[in-house]
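In: Predicted model and sequence below, questions to follow.
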Amino acid sequence: MNIAIIGGTGLIGRKLSARLRQADHRVPAAAPSSGVNSVTGEGLDQALQGAEVLIDVTNAPSFEDSAVMAFFRASTGKLLRAGRAAGIRHYVALSVVGSERLPESGYFRAKIAQESLIADGPLPYTIVRATQFFEFLDAIAQSFTRDGIIRAPAALLQPMAADDVAAALARVAVEPPLNGLREVAGPAPFRLTDLLRKALPAPAAARIVQDDDALYFGDRIDDTTLMPGAQARLGTLSLESWLAAQAVPAH
């Protein structure tokens, strides 16, 4: 199968490209570094030529409210137009579990806008909503840090490894379009404060203070906000296994 990945040089895109190539799919990974720009439309027609499936794992370079909204509106619109011209049979887009429950966050408002464009667009589609990645825990901790103290709520979430996200996208790519949502999540839930204590180096973990009023990227969260539904497909890589792999020196 010919599968075009837009955003193919990012964290998920690289893992997804490798996984699909190992399964003998033809995968031209497309990104600005390879002359493909989904915001301007540069190189899209060539990147999608002959493709049956388009996987959109793009992300905005800036998370400022107006910039991130402009990015997803422009990028998704260009991809839909180019995908229709190329005869794409399945548009797969990566989104985030709980986006609709975070209306005060500019980033998640932009993800909902992206989802709406795809759902209202001309292509058969599947939107894959993933829970937060283990790889982003440092950034999440940084977002809660004020004056050296990490003030985080104890809300539940069920994070997953980027490798499991890539596996979920690869599986969806060869399935029929849902014309709807598919949730994917990690194998186990955690309290956010407990999760950060497990994942961060000891000096940082010691600076974590529970504060249930702390905002998660601009919005309040509770035990339902970031959790997937009962039908979510679960990854297999545990936090403990992922942490152990991070501790092994690269050769």
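Out: Received it, and whenever you're ready, just let me know what you need.

In: Which parts of stretch 65-76 count as buried, going by neighbours?
Out: Neighbour counts over stretch 65-76 (16 or more other CB atoms under 10 Å) mark 68, 69, 71, 72, 73, 75, 76 as buried. C-beta: built from backbone N, CA, C; applies to glycine.

In: Export those as TSV, with columns for pLDDT and distance to residue 99.
Out: Below are these laid out as TSV (pLDDT from 0 to 100; distance: CB to CB, whole Å):
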residue	pLDDT	distance to residue 99
68	96	12
69	97	13
71	97	15
72	97	11
73	97	15
75	97	16
76	98	14
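
In: from the residues you listed, which single one is nearest residue 126?
Out: Checking the buried residues of stretch 65-76 against residue 126 with CB to CB, the nearest one is residue 76 at 14.5 Å.

In: In a helix, that closest one, correct?
Out: Yes - membership of residue 76 in a helix is supported by DSSP: H, G, I helix; E, B strand; the rest coil.

In: for the host helix or strand of residue 112, packing partners?
Out: Under the criterion of DSSP states H and E, residue 112 resides in helix 106-119. Secondary structure elements in contact with helix 106-119, counted by 3 or more CB pairs under 8 Å, 6 or more residues apart in numbering; DSSP states H and E, are helix 65-86, strand 90-96, strand 125-130.

In: just so I know, which of these lies nearest residue 8?
Out: strand 90-96 (12.0 Å).

In: so where's the stretch 151-251 of the chain shaky on pLDDT?
Out: Low-confidence segments of the stretch 151-251 of the chain (pLDDT under 70): 248-251.

In: again, 90 this time
Out: Applying pLDDT under 90 to the stretch 151-251 of the chain flags residues 246-251.

In: Turn the helices and strands packed on helix 106-119 into JSON lines, including distance to residue 117.
Out: Shown next, in JSON lines, are these (distance: least, CB to CB, whole Å):
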{"stretch": "helix 65-86", "distance to residue 117": "5"}
{"stretch": "strand 90-96", "distance to residue 117": "9"}
{"stretch": "strand 125-130", "distance to residue 117": "10"}
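
In: just so I know, which of these lies nearest residue 5?
Out: strand 90-96 (9.4 Å).

In: that older thread, and the helix holding residue 112, which residues are buried?
Out: 106, 107, 108, 109, 110, 111, 112, 113, 114, 115, 117, 118.

In: On the three-state scheme, residue 224 is what?
Out: coil.

In: and if you look at residue 4?
Out: strand.

In: so what's the residue lying closest to it once chain neighbours are set aside up against?
Out: What sits nearest to residue 4 in space, not counting adjacent residues and going by CB to CB, 6 or more residues apart in numbering, is residue 51, at 4.0 Å. Residue 51 makes contacts with 2, 3, 4, 28, 86, 88, as judged by CB atoms under 8 Å, 6 or more residues apart in numbering.

In: Residue 51 in helix, strand or coil?
Out: Per three-state DSSP, residue 51 ends up coil.

In: would TSV of the buried residues of helix 106-119 with pLDDT be doable?
Out: Formatted as TSV, these follow (pLDDT from 0 to 100):
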residue	pLDDT
106	95
107	95
108	96
109	96
110	97
111	97
112	97
113	97
114	98
115	98
117	98
118	98
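
In: could I get those residues as a markdown table with distance to residue 164?
Out: Formatted as a markdown table, these follow (distance: CB to CB, whole Å):
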| residue | distance to residue 164 |
| --- | --- |
| 106 | 27 |
| 107 | 22 |
| 108 | 21 |
| 109 | 26 |
| 110 | 24 |
| 111 | 20 |
| 112 | 24 |
| 113 | 26 |
| 114 | 22 |
| 115 | 21 |
| 117 | 27 |
| 118 | 23 |
